[in-house]
Every structure is written in structure tokens, then in C-alpha cells.
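Chemist: quick check, what structure comes out for this input:
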Amino acid sequence: MLSTIGRYMYALPFGVFGLFHFINGSQMAGMVPIPGGIFWIYLTGVAMLAACVSIIIETKARLACILLGVLLLIYVLSIHLPSVINGQMQPSMTMLLKDLVMAGGAWFIAGSYEAEDMIIQPEE
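Modeler: Residues are numbered from 1 along each chain as shown. So this is what the prediction gives:
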């Protein structure tokens, strides 16, 4: 029961974040450190929505969590860390730590599915 509630509590914010990428895409595009800003905003929005759905319905959830963790680590290294280094300590450090924690959580959840994959079901 607790793991189901926790899975939903972890997944649902990514659905909201994904929607924000479509609603506020033009404002977010300036944060993207590579060419094609709005494209990357929409792509990562789709990725977060897909991860949310995958985790909730538990279909390809392990893969979704691994990829979500990678995406979040990319945010940490390419957006938040450079901002911290450039002196925007308070808001950027908060976002860096938030995304780092969520990446770790994604990989923790992925690991729980890995353990379940190793269970051999008895033949009937």
C-alpha cells in the first residue's frame, strides 16, 4: 500500500512538470544551453509525461525511471550547476538539489523493479 502511494506521489509531479513544459515552453527555452531551445523543452515535457504514465501504470517503469534519472542529472549538470558556479546560488542550488534528489529517487525506484524482474514465477 505504501509503495503504491509513494509511486503515485513520485510520478504525478512529473506529469505536472511535463505539462508546464508545454504551457510555459517559450519562457523556459532561454534556459536550454544548446541550440533548438523550444524543441528540447517540448521533448523533455513529453519525456516527463511518459515517465509519469509509465510509473503509474507500471509498464516499462524500470526503463522510464532509469531514463528519467538521466534526464534529471542532465538538468543538474547543464542548467543548475553552471548557474550556481556563475553566482546564482539560492534559486539554482535549490533546483540543483531538487533534481539531484529526484534523479536518485528515480534510480531507486528503477532498482526496485530490477529486483522484481528477477523473481521466477512458478509454472502452473
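Chemist: now do the longest helix seen in the chain: distance to the chain's middle.
Modeler: For the chain, the longest helix by residue count, based on DSSP state H, is helix 89-117. Taking CA atoms, centre = their mean, to the nearest Å, one finds helix 89-117 lying 8 Å from the centre of the chain it belongs to.
Chemist: swap in stretch 43-52?
Modeler: The answer for stretch 43-52 is 8 Å, by CA atoms, centre = their mean.
Chemist: residues in contact with that stretch?
Modeler: Contact with stretch 43-52 is made by 11-12, 14-15, 17-22, 25, 64-65, 67-68, 71, 106, as judged by CB atoms under 8 Å, 6 or more residues apart in numbering. All C-beta atoms are positioned from the backbone trio N, CA, C, and that covers glycine.
Chemist: let's see 7 Å
Modeler: Where contact means CB atoms under 7 Å, 6 or more residues apart in numbering, the residues beyond stretch 43-52 that reach it are 11-12, 14-15, 17-18, 21-22, 64, 68, 71.
Chemist: helices of this structure, start to end?
Modeler: Under DSSP H, the chain gives helices at 2-23, 25-28, 37-57, 61-75, 81-85, 89-117.
Chemist: near Arg77, how many other residues are there?
Modeler: No, residue 77 isn't Arg; it's Leu. Per other CB atoms under 10 Å, the neighbour tally for Leu77 reads 14.
Chemist: what does Leu68 give?
Modeler: Using other CB under 10 Å: Leu68 sits among 28 other residues.
Chemist: which residues are in contact with the residue nearest the centre of the chain?
Modeler: By CA atoms, centre = their mean, the chain has its centre lying nearest to Leu68, at 3.9 Å. By CB under 7 Å, 6+ apart, the residues touching Leu68 are 51, 106.
Chemist: can you give me the pLDDT of it?
Modeler: On pLDDT, Leu68 comes in at 97.
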